[in-house]
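A.B. asks: Below are the sequence and a predicted model; questions follow.
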Amino acid sequence: MINRETDYAIRCVLHLARKAGEVIMVNEISRKNDIPKSFLAKILQKLTKAEIVRSFRGVKGGYQFSKEPSKINLLHVIETIQGPIFLNKCMVDRKACSRRKTCTVHPLWNIMAECLTERLQGCNIEELLKGEARVKAGNTFFRR
């Protein structure tokens, strides 16, 4: 499940990518994306550490998208904030389930996680930005 922090991080990244090349102040990102400023500061620290955004200090300081939007995928943003994606706890914690070796559903969880990971890896920020106009017009952005 995508948590609130990750949702905010995606909003933040999209905002900065829309204004690629500009240094944007935290107040603007917070206000335009309905993200509490104190929460946003923590998110931006993680995004900076992962080199998704750059930080600039001082009076004209703020944040800037660090790369071309086509170079950052949604999986990278999600994993930066909440870690690896998994569908069931047994996939990351071997001690979580004593039936792991005999479970008939476990291989399915692995296949589904691989599909989800591939889909998120294949979706870059540039594609999301291009899809915004279609979504605003009521069209479905991603199709199978």
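C.D. replies: All right, it came through fine.
A.B. asks: hmm, who's touching stretch 72-82?
C.D. replies: Taking contacts as Cβ atoms under 8 Å, 6 or more residues apart in numbering, the residues outside stretch 72-82 that touch it are 2-3, 5-6, 9-10, 13, 17, 43, 46-47, 49-50, 52, 65, 85, 117, 120-125, 128. Heads up, the C-betas are built off the backbone N, CA and C, glycines and all.
A.B. asks: what's the answer for stretch 94-112, then?
C.D. replies: For stretch 94-112, with Cβ under 8 Å, 6+ apart as the criterion, the contacting residues are F86, L87, N88, K89, C90, M91.
A.B. asks: ditto for stretch 2-13
C.D. replies: 29, 33-35, 39-40, 42-44, 46-47, 52-53, 65, 72, 74, 77-78, 80-82, 125.
A.B. asks: Buried members of those residues into PyMOL, please.
C.D. replies: The buried subset of those, as determined by 16 or more other Cβ atoms under 10 Å, is captured in PyMOL by this line:
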select buried, resi 29+35+40+43+44+46+47+52+53+65+72+74+77+78+80+81+125
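A.B. asks: can you tell me which of the contacts of stretch 2-13 are in helices?
C.D. replies: Under the assignment DSSP state H, the contacts of stretch 2-13 contribute 29, 33, 39-40, 42-44, 46-47, 74, 77-78, 80-82, 125 to helices.
A.B. asks: any low-confidence regions in the chain?
C.D. replies: Scanning the chain for pLDDT under 70 picks out the ranges 100, 140-144.
A.B. asks: where exactly do the helices run in it?
C.D. replies: Under DSSP H, the chain gives helices at 4-18, 26-33, 37-49, 74-82, 106-121, 125-136.
A.B. asks: rewinding a little: can you tell me which of the contacts of stretch 94-112 are classed as buried?
C.D. replies: Among the contacts of stretch 94-112, those classed as buried by 16+ other Cβ under 10 Å are N88, C90, M91.
A.B. asks: Kindly reformat those as CSV containing distance to E132.
C.D. replies: Shown next, in CSV, are the buried ones among the contacts of stretch 94-112 (distance: Cβ to Cβ, whole Å):
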residue, distance to E132
N88, 33
C90, 37
M91, 33
